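Colleague: what follows is a predicted protein model with its sequence.
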Amino acid sequence: MARRHWLFKSEPDSYSFDDLLAEPDQACFWDGVRNYQARNLLRDEVKPKDRVLFYHSRAKPPHVAGVAEVIEGGTPDWTALDKKSAYYDDKATREAPRWYGVRIRAVRKLEPGVGLPALKDNPALEGMRVVQKGQRLSVQPVDKAHYDEVLRMHKRLAAGA
DNA sequence: GCCAACGTTGGC
DNA sequence: GCCAACGTTGGC
């Protein structure tokens, strides 16, 4: 199956791309997603080798901060069973875990990040979900053409263009 | 910090 | 099963 592309949102104050880089193996389990649409994508669609744009939401400005690779597809998010976790959900059980996550590993940091205003200004990214108003989904599918264009934008930024 | 957009909950 | 109230997200 062809590699697919995604955008994962995270508030850098709670978990940033640098935090991912600081993990053992620069890998983490992407837990805490508590939205059914995003859950379904993590459980059923996001597969090993897929690529992820790691997006910093609620930053100034919001931006794509790095690229990651999926290293394991959907498995239960057991933080839902942990009463001490901020992600605890009393409707989740061991038999019916309800929430899922995937494992990702950092591929590379994008320095500088590609900002949301630039994404919005780029006609080639028309239709990309993250540029649309009110788009809150924290796991979004990304067209390959859009993914490639974001990396080209970063390349131009890094070259000082 | 504000608030629009959106998802979820719960009374009926 | 509708929908108002509520809570959360996330750009600004």
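Modeller: Great, that's in hand.
Colleague: so for the helix or strand where residue A:148 lies, what gets flagged as buried?
Modeller: Element membership for residue A:148, per DSSP states H and E: helix A:144-158. The neighbour-count check on helix A:144-158 (16 or more other CB atoms under 10 Å) flags A:146-147, A:149-151, A:153-154, A:157 as buried. For the C-beta atoms, the positions are set from N, CA and C on the backbone; glycine is no exception.
Colleague: then stretch A:113-120?
Modeller: By 16+ other CB under 10 Å, the buried positions in stretch A:113-120 come out as A:113-116, A:118-119.
Colleague: kindly report the same for stretch A:75-86.
Modeller: Residues A:76-81 are the ones in stretch A:75-86 that count as buried (16+ other CB under 10 Å).
Colleague: just the ones of those in strands?
Modeller: residue A:76 (DSSP state E).
Colleague: need the buried residues of stretch A:75-86 in CSV with distance to DNA strand B and pLDDT, can you?
Modeller: As requested, these are arranged in CSV below (distance: CB to the nearest atom of the strand, whole Å; pLDDT from 0 to 100):
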residue, distance to DNA strand B, pLDDT
A:76, 18, 96
A:77, 15, 96
A:78, 19, 95
A:79, 16, 94
A:80, 12, 93
A:81, 16, 91
